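[1] Attaching a predicted model along with its sequence, questions to come.
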Number of protein chains: 2
Amino acid sequence: MNLTIIGGSDAGISAALRAREINKNVDVRVIVADSFPNYSICGLPFYLSGETPEWRQLAHRQIGEIEKEGISILLNHKATLIDPQSKTVACLTPTGQESRTGYDKLILATGAVSAKPPIRGLGQPGVYLLRWMEDGFAIDNYLKSYNPKSALIVGGGYIGMEMADSLTRRGLAVTVVEYADSVMETVDKSFSGIVKVELERRLVQVVNGVAIEGIERIDGKLFVSGSHDFQFKTDMVLVATGCKPSADLAIAIGLETGAKGAIKVNRRMETSFKDIYGAGDCVETWRRIVNRYEYLPLGTTAHKQGRVAGANAVGGRSEFAGSLGTQVVKIFNLVVGRTGLRQSEGVEEGFAAFTEEIEVWDHKAYYPGATKIRIRITGDRDTRKLLGAQVIGSYGSEISKRIDVFATALFHEMTVDELSDLDFSYTPPLSSPWDPVQIAAQSWVKKMVK
Amino acid sequence: MNLTIIGGSDAGISAALRAREINKNVDVRVIVADSFPNYSICGLPFYLSGETPEWRQLAHRQIGEIEKEGISILLNHKATLIDPQSKTVACLTPTGQESRTGYDKLILATGAVSAKPPIRGLGQPGVYLLRWMEDGFAIDNYLKSYNPKSALIVGGGYIGMEMADSLTRRGLAVTVVEYADSVMETVDKSFSGIVKVELERRLVQVVNGVAIEGIERIDGKLFVSGSHDFQFKTDMVLVATGCKPSADLAIAIGLETGAKGAIKVNRRMETSFKDIYGAGDCVETWRRIVNRYEYLPLGTTAHKQGRVAGANAVGGRSEFAGSLGTQVVKIFNLVVGRTGLRQSEGVEEGFAAFTEEIEVWDHKAYYPGATKIRIRITGDRDTRKLLGAQVIGSYGSEISKRIDVFATALFHEMTVDELSDLDFSYTPPLSSPWDPVQIAAQSWVKKMVK
């Protein structure tokens, strides 16, 4: 049996490994569009900042390690067409020739491409997107060759924030322009406000409420213009306004697509065509709590969906358990995480959402190094169910694993009250007898009594 | 209505606060044997090491904060007798007089006392136990007054380990003598071995397999002798061989006791007598997974049991959800945690226990500061249920919160396989697309395939 996978990033390699783990008799072939299978593209901001000096370190695994598991990798092969009748995939090989390869089962793990907002002048030198390894190399080359002193980042989301940190470390004066009225729209205003303060403390300028419209190059400088008469001169522009699914191959053969054009799949990661599976940033994602499919591209999800698709393609019986939208980002010394729904989302989804915010020491204040963290916990007044949580604090204060505790509780549909039942570890250098997670829950519960 | 609580440490104050939170009409009175209600006695090793310079910092709350919640505190009152017929408690007041106080509901939160092993010469100057604030002061006084250069610690459990760290920081040459054949008997040998290496790296001598029998003072030095002709000269001895419940008041009136003489309670924290509740280190604790009552004194459990007892005493309906035996300790730069059952315990309890040990980076190795952590995950081969986990690594590698993720999963009786379904947060400076918790689970699952 032959399993062919188009795409060699998180979902594709995860699928290949799992398929071979379950069934040693299956031939697994991965068609990779570039030379960088299984690279941690989430690490590009750290490569560009200089914190990760060598781009080769970004490989989750070396090619040899993957091949050792009995997986064939076709590098620099661009899949151009799928023929579901003859069960073949056509590729452009590195030498520009077409080759065809047959499959019994096919997994589409084609990922996503950077969104290109309607800005005049994209694509000229000094204006970059950041998604794949080549994007990273292009930016690095520009930084090395032209030594830009300033950069404007379009977009205040996760990548925009990481790149503001990254380019500041690299010595550039950074300005972030975000169309919305705050950066980090994925967390509540009180937290995005803290992020803004941290950015400004690091001398990153933040401009909100402006839509960038055009970029012109005059005398080696980039002139960026936008709504509200925004005018800005800079040496470099990074457009980080999200991504959209790479679904062209799927659309060409009539696979059903859904949210934002992503390939429709069920929780077994089956597409609308028999023997074709999908996983990762090119497909829709089942979301828990709200119980529907959405476009929610994340590396963690890609790994999970790949694992499920890989298992099912070779005869396993696996189901994607769904995403809670758990995310975390480090911006300078600040860590911000979230899982589940926040207040406004809870209300939109029809829950009787109530959110409590607390500030608390990450561990007993009497032990050196304690810092204050803030937790926003959202629950439903009627059912008392936990709906979501956001945590912000300094790097080293175990923000992300506290988010994970919340995520595990959410997965099990716990009530906020029940969080106090959880038996957590405690020593004064690392927590309190009630962990901050539970202190937040108890504070929420107290509000319900009143 | 009057609620009287005997004991002003974790369980007692937790009960008092919860009772007032639920019912503002109840009079709550806490009888405290010393002057230190609501002190974090877990912090004593850090006070003695000098990391926490001022003992007053160890207060979880100031007396004023507790009183502000409408709670009366009787300091330095030693409860001497309970009369369940007349519903009164007799106390010795600070001036040595007897006073009686009536109650409608009574909570026993009398805590524990240090175990005194059969060693000749306990109780002489230079030989200490460590449990209550006064014990800490006595040790601190001795350190300041006599400037001892060396210490021998009897017992390689949690307190023994923390005090080895503490006294080393204080400049003493420390030797730990543990009767068992490894220190940290609560984790598997491969982990206790790592602890031993860390101790020796910090020049703490570790002696295993010796039972200390006697301590003699000759010319200002303490001569410690034990089995296998053990002979040791030191300036100070700390006996840290665990604790036993303070249950004398309860036994005097015929309350039922169980494991290690702890007061029997049900999960509503009711004792065998009507209107008398118990909580904390003086009572038995319901253990999940094995589903039975044991003696398992821990600060976190005391807080939980106090909260349940306080609620139920004033008309609430609350149940103690049970302990998983989750614990963590920091020893020099090493953090060791556990939850649930380890291999040998799993087998003893009749499970088809299998344990997998992995070593993995705490976050992506390409981001600065990554360190390797080790996880031991124990599951049942037949049911695939998670039974427990142990994690060891350096301070800062989010060991304790990973233990908490395992504890939350255990609470919900997840299978090891299902851990891969959990939607955790990820950014390269803080984790991997599969968190180490999931990498351990997947490694366990792989072993089941073979």
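    Structure received. Numbers count the residues shown, from 1 in each chain, chains lettered A, B, ... in the order given.

[2] does any bit of the helix or strand residue A:20 falls within sit next to chain B?
    Element membership of residue A:20, judged by DSSP states H and E, is helix A:10-22. Yes - among the residues of helix A:10-22, A:10, A:21-22 lie within reach of chain B under Cβ under 8 Å from any Cβ of the partner chain. In short, each C-beta sits where N, CA and C put it, glycine included.

[3] So which of those residues wins on neighbours?
    Most neighbours among the residues of helix A:10-22 next to chain B, by other Cβ atoms under 10 Å in any protein chain shown: residue A:10, with 29 neighbours.

[4] Next, the nearest residue to it once chain neighbours are set aside: secondary structure please.
    Excluding its sequence neighbours, the residue lying closest to residue A:10 (Cβ to Cβ, 6 or more residues apart in numbering or on different chains) is residue A:302, at 3.9 Å. Secondary structure, DSSP: H, G, I helix; E, B strand; the rest coil: residue A:302 is helix.

[5] Now do residue A:302 against residue A:366, distance only.
    Taking Cβ to Cβ, to the nearest Å as the measure, residue A:302 falls 43 Å from residue A:366.

[6] Of those two, which one has the most company?
    Higher neighbour count among residue A:302 and residue A:366: residue A:302, with 28 against 23, using other Cβ under 10 Å.

[7] how about the more buried one, what does it touch?
    Residue A:302 sits next to A:9-11, A:14, A:109, A:111, A:279-281, B:433 when contact means Cβ atoms under 8 Å, 6 or more residues apart in numbering or on different chains.

[8] which residues does the residue nearest the centre of chain A contact?
    Central residue of chain A (Cα atoms, centre = their mean): residue A:298, 3.5 Å from the mean position. Each residue near residue A:298 by Cβ under 8 Å, 6+ apart is listed here: A:323, A:325, A:327, B:426.

[9] Next, count neighbours for the closest residue to the second one other than its chain neighbours.
    Counting by Cβ to Cβ, 6+ apart, residue A:325 lies nearest to residue A:296, which is 6.2 Å off, once chain neighbours are set aside. Here the number of neighbours of residue A:296 (other Cβ under 10 Å) works out to 19.

[10] Got phi/psi on residue A:296?
    Recorded main-chain torsions at residue A:296 are phi -150, psi 70, according to degrees, to the nearest 10.

[11] Tell me if I'm right that it and residue A:323 touch.
    Yes - Residue A:296 is in contact with residue A:323 according to Cβ atoms under 8 Å; the separation is 5.5 Å.

[12] Name the residues contacting each of these two.
    A:285, A:287.

[13] where exactly do the strands run in the stretch 151-300 of chain A?
    Counting by DSSP state E, counting those that start in this stretch, one finds strands in the stretch 151-300 of chain A at the ranges A:173-178, A:205-208, A:212-218, A:221-226, A:230-234, A:237-239, A:243-245, A:276-278, A:285-287, A:292-294.

[14] strand partners of the second one, parallel vs antiparallel please.
    When pairs are called by DSSP bridges, strand A:205-208 turns out to pair with strand A:173-178 (parallel).

[15] For the partner strand, the averaged confidence score.
    Strand A:173-178 comes out with an average pLDDT of 98.

[16] Let me see the domain layout of chain A.
    Following automatic domain parsing, one finds the domains of chain A at A:2-34+A:75-111+A:245-313, A:127-239, A:327-449.

[17] can you tell which of the ones you listed is closest to residue B:100?
    The closest of those to residue B:100 is domain A:327-449. By Cβ to Cβ, the value is 32.4 Å.

[18] who's in contact with residue A:345?
    Neighbour list for residue A:345: A:353, A:388 [criterion: Cβ under 8 Å, 6+ apart].

[19] now it, what's its secondary structure?
    Following three-state DSSP, the label given to residue A:345 is helix.

[20] Show me where chain A has its helices.
    With DSSP state H, the ranges of helices along chain A come out as A:10-22, A:44-49, A:63-68, A:133-146, A:158-169, A:189-201, A:248-252, A:299-313, A:343-348, A:399-411, A:436-449.

[21] Let me have these in TSV, adding mean pLDDT as columns.
    Shown next, in TSV, are those (pLDDT from 0 to 100):
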stretch	mean pLDDT
helix A:10-22	96
helix A:44-49	98
helix A:63-68	96
helix A:133-146	96
helix A:158-169	98
helix A:189-201	96
helix A:248-252	97
helix A:299-313	98
helix A:343-348	96
helix A:399-411	98
helix A:436-449	95
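
[22] you'd agree residue A:389 is up against residue A:341?
    No - the criterion here is Cβ under 8 Å, and residue A:389 misses it with residue A:341 at 9.5 Å.

[23] Now the common contact residues for these two.
    Joint contacts of residue A:389 and residue A:341 (Cβ under 8 Å, 6+ apart) are residue A:378.

[24] Low-confidence stretches in chain A?
    Scanning chain A for pLDDT under 70 picks out the ranges A:450.

[25] interface residues of the stretch 151-300 of chain A facing chain B?
    Residues of the stretch 151-300 of chain A found near chain B (Cβ under 8 Å from any Cβ) are A:288, A:298-300.

[26] Report the two of those residues separated the most.
    Within these, A:288 and A:299 form the most distant pair, 18.0 Å apart (Cβ to Cβ).

[27] who has more neighbours, those two?
    Each of residue A:288 and residue A:299 has its neighbours counted (other Cβ under 10 Å); residue A:299 has more, 21 against 18.

[28] For the more buried one, give me its contacts.
    Counting by Cβ under 8 Å, 6+ apart, residue A:299 touches A:10, A:40-42, B:426, B:433.

[29] closest to residue A:99 among these?
    When the contacts of residue A:299 are compared for distance to residue A:99 (Cβ to Cβ), residue A:10 wins out at 25.2 Å.

[30] The closest one touches residue A:303, doesn't it?
    Yes - applying Cβ under 8 Å as the test, residue A:10 and residue A:303 come out as touching, 5.2 Å apart.

[31] Pick the most deeply packed of the strands of the stretch 151-300 of chain A.
    Comparing those by mean neighbour count (mean count of other Cβ atoms under 10 Å in any protein chain shown), strand A:276-278 ranks first with a mean of 28.

[32] Residues in contact with that one: which ones?
    Contacts of strand A:276-278 (Cβ under 8 Å, 6+ apart): A:15, A:82, A:84, A:105-109, A:250, A:255, A:263, A:265, A:268-271, A:305, A:309, A:312-313.

[33] mind listing what the nearest residue to residue A:173 once chain neighbours are set aside touches?
    Using Cβ to Cβ, 6+ apart and skipping residues adjacent in sequence, the residue nearest residue A:173 is residue A:150, 4.4 Å away. Listed by Cβ under 8 Å, 6+ apart, the contact set of residue A:150 reads A:172-175, A:234-236.
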